[in-house]
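> What follows is a predicted structure for the sequence shown.
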Amino acid sequence: MTFSIQHINYDALKICQLSLLLLLLWNPLNSFAQISTPSKNAKIKGMSFRGPYDPVYDTSKVQNIKTSNAEWLAFIPESTLNRSTLTLIPDKENDFWSETIEANIQGIQIAKNLGFKILLKPHIILGEIPEKSKPSSNGHGSLASVQNAENTRDKTKGAEWRGDLNLRKENDWETFETSYETYIIRLAHIADSLNVNLFCIGTELKNSTTNRPIFWKNLIHKVRAIYDGPITYSANWDEYQNFPLWKELDYISVNTYFPISWKKTPKIRKTIRNWRSIKRKLKKFSKKENKKILLTEFGYRNVNFAGKRPWTHDRQDNKSPNNQAQTNLYKAFFKTFWDQPWVAGGFCWQWFHKPPSENNTTFSIQDKPALEIIQEYYKK
């Protein structure tokens, strides 16, 4: 009996092609099987979540977030920057357990089991400004005191906020970047292993991103080599137009604390008018970059003049909350943005594992009239 060489090769080729197709479809390590990416048309209805301060998670309190009709949760690990060493402190030195990587891993696992999609969005905060070492009585000081002075020197120049971080020396930038990259790469591995739906490589680090674009571009490429899902960067409201690397990312993400009203209790129609020019700029920018805009943080406190400096966290007016101001600002925000096709959705700031006390003036919407606004628009 004779066989056709061509026939044998053809059959072998068909078998190889079929095997490869089955491997791509069914391999559990395949990225498409692992991570459910956001739909291009569905709005991301998100809530930023603050976990418990002590290492005890209550699943029912995560379940309660569904009363807002949110479908996504943003988990926000925080690490503190030592102003002298320019390195991020170990998790074991975190003031609150909720900020640690361990806490966020537990929270993500619970939230995914409850059906939530996940954004992992790390923040860094600036540590306390160190006290200057005191000179010796003769004015010269010992070698030890000189070394102590170096170890307690504030290399951040007294920056009050992470976006203001602007280091003097190349070595200082490199020290910070090495520590930050180690932190982000660790989180990228966690995002990949937990099938997180969206990963953010940084939040509101505008001086760093503007002055050090090569570092950030390399970081994006390193994260993509680890994590197969979509990634973004969360820009401050006054930063997004200057961020140099949107083309490398999947969303233009903006924290929307734009000053929008100077009234004690803003009127809805007037606030919508105030949004018009900002809305036009965002829409134009989305078209220019050919990417949707994700509103990674939006929210207002229930205080007087809440739209004037929406980012403030002070405890003013704690005894006389202004719930109407918060409600009106939320209504104007949703009426302005939520039906726009270039808006991918957003994350309300914020929901606490332990609800704040009655009559609080935090950003929480729990047990406040503004919750009804979120429920209405997230239900659509």
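Perfect, I can see it now. None of these values were measured; they are calculated from a predicted model.
> Could you list the buried residues of the top helix by length along the chain?
Using DSSP state H to define each element, the chain has its longest helix at helix 170-193. By 16 or more other Cβ atoms under 10 Å, the buried positions in helix 170-193 come out as 173, 175-177, 179-181, 183-185, 187-188, 190-192. All C-beta spots, glycine's among them, are computed from the backbone N, C-alpha and C.
> Which other helices and strands does it contact?
helix 101-113, strand 117-120, strand 198-203, helix 213-224 (3 or more Cβ pairs under 8 Å, 6 or more residues apart in numbering; DSSP states H and E).
> Let me know the distance separating the closest residue to residue 241 other than its chain neighbours from residue 232.
Using Cβ to Cβ, 6 or more residues apart in numbering and skipping the chain neighbours, the partner closest in space to residue 241 is residue 285 (6.4 Å). Separation of residue 285 from residue 232 (Cβ to Cβ, to the nearest Å) stands at 15 Å.
> same check, this time on residue 102
In terms of Cβ to Cβ, residue 102 sits 24 Å off from residue 232.
> Show me which of these two is the more surrounded one.
Each of residue 102 and residue 232 has its neighbours counted (other Cβ atoms under 10 Å); residue 232 has more, 22 against 13.
> Settle this for me: that one is touching residue 202, isn't it.
No: Residue 232 lies out of contact with residue 202 (Cβ atoms under 8 Å); the separation is 9.5 Å.
> ok, for the most centrally placed residue in the chain, nearest residue in space, not its chain neighbours?
The centroid of the chain falls nearest to residue 121 when counting by Cα atoms, centre = their mean (3.3 Å). Using Cβ to Cβ, 6+ apart and skipping the chain neighbours, the partner closest in space to residue 121 is residue 200 (4.0 Å).
> ditto for residue 202
Excluding its sequence neighbours, the residue lying closest to residue 202 (Cβ to Cβ, 6+ apart) is residue 233, at 5.4 Å.
> How is the spatially closest residue to residue 72 that is not a sequence neighbour assigned, secondary-structure-wise?
Nearest residue to residue 72, sequence neighbours excluded (Cβ to Cβ, 6+ apart): residue 46, at 3.7 Å. Using DSSP: H, G, I helix; E, B strand; the rest coil, the structure places residue 46 in strand.
> count of neighbours near residue 46?
29.
> could you dump the helices and strands packed on helix 170-193 to CSV with mean pLDDT?
Formatted as CSV, the helices and strands packed on helix 170-193 follow (pLDDT from 0 to 100):
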stretch, mean pLDDT
helix 101-113, 97
strand 117-120, 98
strand 198-203, 98
helix 213-224, 98
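> quick one, which of these is nearest to residue 131?
strand 198-203 (28.5 Å; Cβ to Cβ).
> what's the closest one packed up against?
On a contact count with 3+ Cβ pairs under 8 Å, 6+ apart, strand 198-203 meets strand 117-120, helix 170-193, helix 213-224, strand 231-236.
> Rebuild the ones you listed as a markdown table, extending it with distance to residue 335.
Putting those into a markdown table (distance: least, Cβ to Cβ, whole Å) gives the following:
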| stretch | distance to residue 335 |
| --- | --- |
| strand 117-120 | 24 |
| helix 170-193 | 34 |
| helix 213-224 | 35 |
| strand 231-236 | 23 |
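> ok, back up a step: residues touching the longest helix of the chain, excluding its own?
Contact with helix 170-193 is made by 34-35, 77, 79, 81, 85-88, 101, 104-105, 120, 122, 124, 155, 165, 167, 196, 199, 201-202, 208, 211-212, 215, 219, 222-223, 226-229, as judged by Cβ atoms under 8 Å, 6 or more residues apart in numbering.
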